[in-house]
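Asks: Sequence first, then the predicted structure, then my questions.
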Protein chains: 2
Amino acid sequence: MGHMAATIKDIARLAGVSPSTVSRVLSNQVEFYSEKTAKKVKKAATKLGYRRNVGAVELVTRKSNVIAVIVSSVQTNFSDQIIQGIQDEAAKKSLSVIIIYAGGSDAELQRRAIETVIERAVRAILLVAIDLNPQNDDLLTTANIPYLFLSMRFSDRPFPFITSDDFQIGYQGTQYLINKGHRQIGLAATDLESLIGQMRVAGYRKAMSENQLPIDPHWIDDGEFTYEDGARAMRSYAKMAVTAAVASSDLAAIGMLNQAADLKIKVPSDFAIVSVDGTNLCSIVRPKLTSVTQSFYQMGATGLQTLLSPRLKQFKSSYTPIQIDERQSS
Amino acid sequence: MGHMAATIKDIARLAGVSPSTVSRVLSNQVEFYSEKTAKKVKKAATKLGYRRNVGAVELVTRKSNVIAVIVSSVQTNFSDQIIQGIQDEAAKKSLSVIIIYAGGSDAELQRRAIETVIERAVRAILLVAIDLNPQNDDLLTTANIPYLFLSMRFSDRPFPFITSDDFQIGYQGTQYLINKGHRQIGLAATDLESLIGQMRVAGYRKAMSENQLPIDPHWIDDGEFTYEDGARAMRSYAKMAVTAAVASSDLAAIGMLNQAADLKIKVPSDFAIVSVDGTNLCSIVRPKLTSVTQSFYQMGATGLQTLLSPRLKQFKSSYTPIQIDERQSS
DNA sequence: CTGTTAGCGCCTTCAC
DNA sequence: GTGAAGGCGCTAACAG
């Protein structure tokens, strides 16, 4: 109790064999030891409460079995699903996954998170909803560790990513509302600075113009995917001739919902809402939110797979499917 | 680009000094080098894009700067707050924190998570809402790494913990409803097998008996803190003469809320609900949920502090404060 | 099948 | 101030 941790040397001594032999049986190199010594070694190991020192192993083998997932600490309630996908995929390949929080878009916190994982020489890095600050580009690209962005993409830099097609999100969400008979439709709480936002706007415009519907610029509402932005958007729409909107996130949609209620605007009869994301938040509010649902789990699972693929070099960034889940808000 | 990562040897060669010197300037042992060589070394380091190999450092120094947080993958939406508390505290001491998901109470997944962190010889382990399977006790206790449970405690084992006082949660939640004039009060979706549940029941009973209120055993509702359990509890209460209840979690409370609406039971006029946890879910539903709010952030922050304290040995498990936040459901 | 040797990248005495 | 030597715990040839 309470001494230093036992090493293979200790085991070797106790079992009366060499350290290499211990190493061989403990790492299960079945071809290279007899059952008899194996038994001795294993007994000694359990007796000493031996625990392998992974750091030492990684140092000498020069490879790691850990997958690092860097997630934005911003309130993104979908990252759980992505992580679950990564986790399940990792388990199949007996890799361990560690999760690191990076601050929102604070460059310094991002840098620390990235440094933490590359200094440990992890096997691969998944960045979930991380809007990488350009001054950290080098850090990531020169580390010589495979990396992949999930639920994020950049217009100005060629980083590999897997995400949903945000054009389609905008397009299909809008088209859905048009099919429901709406003609004055808003796009709410969407970050117009970001590529994500711009793509969604483009999809929105396309759907509207395909249906010969004019757009009032005020219908396109700038914001940051938050609850409060949703509420604000609703207040703004209340003064316009808008009968429906695509919200930028589940939280934003809930903000709209609650604000609508406060304004005595009935959803969906007076105003229809389509949310984007489709997390379980959609089902715990009333009315339940119709959503453009993203395949977050698949994003995570596919993400890890491609990162582990031997021909990662040829990987083209890709999209995971989206679908409309009709519930009660439309 | 794309070679092996540079080592201090490479830097030494390039700068024309010995590896020891490089090590000294890079680890800032200011007493032990001249400004002149420092400059050379640093230049060479940045030129080669040097990144310290933390694994090697930890191996030789035999200590680590990483704090491991093991969280239950069960839908516990409060763990974010705990982690944030840990994170902020860790940042002050320039420690890095890694998060590992353990499965619900699946012993095997738990074991893997714990193994992962102890084989890396992390500095300390925080277990968040982990109901440790007894067969993993040894793993944790013999690892010789300081550990602490957060938002969890055990009756049968003396593991150190920081959590809320669940007796008080039951007591104060119930007392609050009594003060509001209720006399038939339920305790919903609470896991009666768990210590947490038992303490809450005890608090509930105390409050009732102090006010001379009889308890119908059916009012104490077994469940697992989930949304569905909350909904089920509400269905059950609808058939009884109960006018209010303390729910076991925010999610359970929302389940009650929605089920009540489906049953045309008005909250709070027909039925009052007090939730337990007080996460931001309480504020995004309508009516907003009154809650017994736990100090999760503080749990995390204090947790890490005590784990790092030199006199951890004398640490007595402790409680973080709770408070009633009155909103609209009561 | 097993032991010996060498070394992963780094830090830390110990000399100078 | 600086370099040489040794070793953290482990694995991977290389001989037997």
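Replies: Right, received. Where do you want to start?

Asks: what's the closest non-adjacent residue to residue A:68?
Replies: residue A:117 (3.9 Å; Cβ to Cβ, 6 or more residues apart in numbering or on different chains). Backbone N, C-alpha and C define where each C-beta goes, glycine included.

Asks: Was I right to think that neighbour contacts residue A:71?
Replies: No. In this structure residue A:117 lies outside contact range of residue A:71 using Cβ atoms under 8 Å: 11.9 Å.

Asks: Look at these two and report which has more neighbours.
Replies: Taking other Cβ atoms under 10 Å in any protein chain shown, residue A:117 and residue A:71 do not tie; residue A:117 has more neighbours (26 against 23).

Asks: Which of the helices or strands spans that one?
Replies: In the assignment (DSSP states H and E), residue A:117 maps to helix A:107-118.

Asks: does that helix come close to DNA strand C?
Replies: No. Remark: helix A:107-118 sits outside contact range of DNA strand C, by Cβ under 7 Å from any atom of the strand, the gap being at least 11.9 Å.

Asks: ok, the residue of the stretch 101-250 of chain A found nearest DNA strand D - how many residues close by?
Replies: Nearest residue of the stretch 101-250 of chain A to DNA strand D, counting by Cβ to the nearest atom of the strand: residue A:121, 13.3 Å away. Residue A:121: 21 surrounding residues under other Cβ under 10 Å.

Asks: Likewise for the one 10 residues further on?
Replies: Taking other Cβ under 10 Å as the neighbour definition, residue A:131 ends up with a count of 18.

Asks: just residue A:298 next, same as before
Replies: Neighbour tally, residue A:298, other Cβ under 10 Å: 15.

Asks: do you know how far it is from residue A:304?
Replies: According to Cβ to Cβ, to the nearest Å, residue A:298 stands 11 Å off from residue A:304.

Asks: Look up the residues that both of the two are in contact with.
Replies: Counting by Cβ atoms under 8 Å, 6 or more residues apart in numbering or on different chains, the shared contacts of residue A:298 and residue A:304 are residue A:85.

Asks: what ranges do the helices span in chain A?
Replies: With helices called from DSSP state H, chain A shows them at A:8-15, A:19-26, A:35-48, A:54-61, A:79-92, A:107-118, A:137-141, A:166-179, A:195-210, A:227-237, A:250-262, A:281-284, A:296-308.

Asks: mind giving me JSON lines with these and columns for mean pLDDT?
Replies: Output for the helices of chain A, formatted as JSON lines (pLDDT from 0 to 100):
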{"stretch": "helix A:8-15", "mean pLDDT": "96"}
{"stretch": "helix A:19-26", "mean pLDDT": "96"}
{"stretch": "helix A:35-48", "mean pLDDT": "95"}
{"stretch": "helix A:54-61", "mean pLDDT": "96"}
{"stretch": "helix A:79-92", "mean pLDDT": "95"}
{"stretch": "helix A:107-118", "mean pLDDT": "95"}
{"stretch": "helix A:137-141", "mean pLDDT": "95"}
{"stretch": "helix A:166-179", "mean pLDDT": "98"}
{"stretch": "helix A:195-210", "mean pLDDT": "97"}
{"stretch": "helix A:227-237", "mean pLDDT": "98"}
{"stretch": "helix A:250-262", "mean pLDDT": "98"}
{"stretch": "helix A:281-284", "mean pLDDT": "96"}
{"stretch": "helix A:296-308", "mean pLDDT": "97"}
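
Asks: just to revisit the earlier point, overlap in contacts of residue A:117 and residue A:71?
Replies: Here residue A:117 and residue A:71 have residue A:100 as joint contacts, going by Cβ under 8 Å, 6+ apart.

Asks: how about the residues of chain A near DNA strand D?
Replies: A:4-5, A:7-9, A:19-20, A:23, A:26-27, A:50, A:52-53, A:56-57, A:59-61.

Asks: what's the span of stretch A:94-113 from first residue to last?
Replies: This stretch, stretch A:94-113, spans 24 Å end to end (Cα to Cα, to the nearest Å).

Asks: and it, how far out from the chain's middle?
Replies: 12 Å (Cα atoms, centre = their mean, to the nearest Å).

Asks: before we move on, what about stretch A:119-128?
Replies: Distance, centroid of stretch A:119-128 to centroid of chain: 14 Å (Cα atoms, centre = their mean).

Asks: as a whole number, average confidence for it?
Replies: Averaged across stretch A:119-128, pLDDT comes to 96.

Asks: distance between the ends of that stretch?
Replies: The first residue of stretch A:119-128 is 19 Å away from its last residue (Cα to Cα).

Asks: picking that back up, in contact with the residue nearest to residue A:68: list those residues for me.
Replies: Shown in contact with residue A:117 (Cβ under 8 Å, 6+ apart): A:68, A:70, A:98, A:100, A:125, A:145.

Asks: since we're on residue A:7, how many residues are nearby?
Replies: With other Cβ under 10 Å as criterion, residue A:7 counts 17.

Asks: Quick one: residues contacting it.
Replies: A:50, A:53.

Asks: quick one: pLDDT of it?
Replies: pLDDT recorded at residue A:7 is 96.

Asks: Quick one, which of the residues of chain A next to DNA strand D are buried?
Replies: Listed as buried from the residues of chain A next to DNA strand D are A:5, A:7, A:8, A:23, A:26, A:50, A:52, A:53, A:56, A:57, A:59; burial here means 16 or more other Cβ atoms under 10 Å in any protein chain shown.

Asks: Now do the contacts for the nearest residue to the third one once chain neighbours are set aside.
Replies: Spatial nearest neighbour of residue A:8, chain neighbours left out: residue A:22 (4.4 Å); criterion: Cβ to Cβ, 6+ apart. The neighbourhood of residue A:22, defined by Cβ under 8 Å, 6+ apart, consists of A:8, A:11, A:12, A:15, A:41, A:45.

Asks: Among these, find me the one that's closest to DNA strand C.
Replies: For these, the nearest to DNA strand C is residue A:12 (7.4 Å; Cβ to the nearest atom of the strand).

Asks: what about residue A:141, neighbour count?
Replies: Neighbour count of residue A:141, defined by other Cβ under 10 Å: 13.
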